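[1] sharing a model prediction with you, sequence too.
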Amino acid sequence: MHAHDMETAKKYLEEAKTHLNTISSYSEEFPSQLNHVYQEYAEALIVLHAIENKSIPGMKEIGIPQLPYLLGLLDAVGEFKREMYVSLKNGKKADAEKYFELMETVYDELLPLRFSNSILPEFRRKQDSARHQLEQARGELL
């Protein structure tokens, strides 16, 4: 996706979706492992959607369970930051500002959610990481 070869990215995501459908039957035996797989898949779908549409897809829109979707959103913040830097490098300030806006939206919308690690492992750490990335990106954008 970072090379903006969307055709190849979509092909790989379709393959991933096929594999996810195959392994989803193991969700009761291996819930945390499958959540991580769904989280990575969610992140990829969110980033693809953001690059193509400059917006964030909803959980139902991409068909991802709640917990992996939330974690995938927080992981996508770093990818939005990368896209912002590429846009700045290429002289596309409006695109850079849009990626920064997406970063802010994710962080601001998820800020009120405070879960303990026992309920949603990694959520707080990922929130803190998103805040740090947002602060760095703000400085670079200015």
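    Perfect, thanks for sending it.
[2] now do the contacts for residue 44.
    By Cβ atoms under 8 Å, 6 or more residues apart in numbering, the residues touching residue 44 are 1, 9, 13, 16. The way it works is simple: take the backbone N, C-alpha and C, and place the C-beta from them, glycine included.
[3] quick one: residues in contact with the host helix or strand of residue 21.
    Assessed by DSSP states H and E, residue 21 sits inside helix 6-23. Residues from elsewhere that reach helix 6-23, judged by Cβ under 8 Å, 6+ apart: 1, 34, 37-38, 41, 44-45, 48, 51-52.
[4] re earlier: return a PyMOL selection command for the buried portion of the contacts of residue 44.
    A single PyMOL command selects the buried members of these (16 or more other Cβ atoms under 10 Å):
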select buried, resi 1+9+13
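[5] what about residue 2, is that helix, strand or coil?
    coil (DSSP: H, G, I helix; E, B strand; the rest coil).
[6] show me what contacts the most centrally placed residue in the chain?
    Centroid check for the chain by Cα atoms, centre = their mean gives residue 76 as the closest residue, at 2.6 Å. Residue 76 is in contact with 43, 46-47, 50, 56, 106, counting by Cβ under 8 Å, 6+ apart.
[7] I'd like the distance between it and residue 22.
    25 Å (Cβ to Cβ, to the nearest Å).
[8] one more: residue 5?
    For residue 5, the distance to residue 22 equals 26 Å [Cβ to Cβ].
[9] go on, residue 3?
    Taking Cβ to Cβ, one finds residue 3 at 28 Å from residue 22.
[10] next one: residue 58
    For residue 58, the distance to residue 22 equals 25 Å [Cβ to Cβ].
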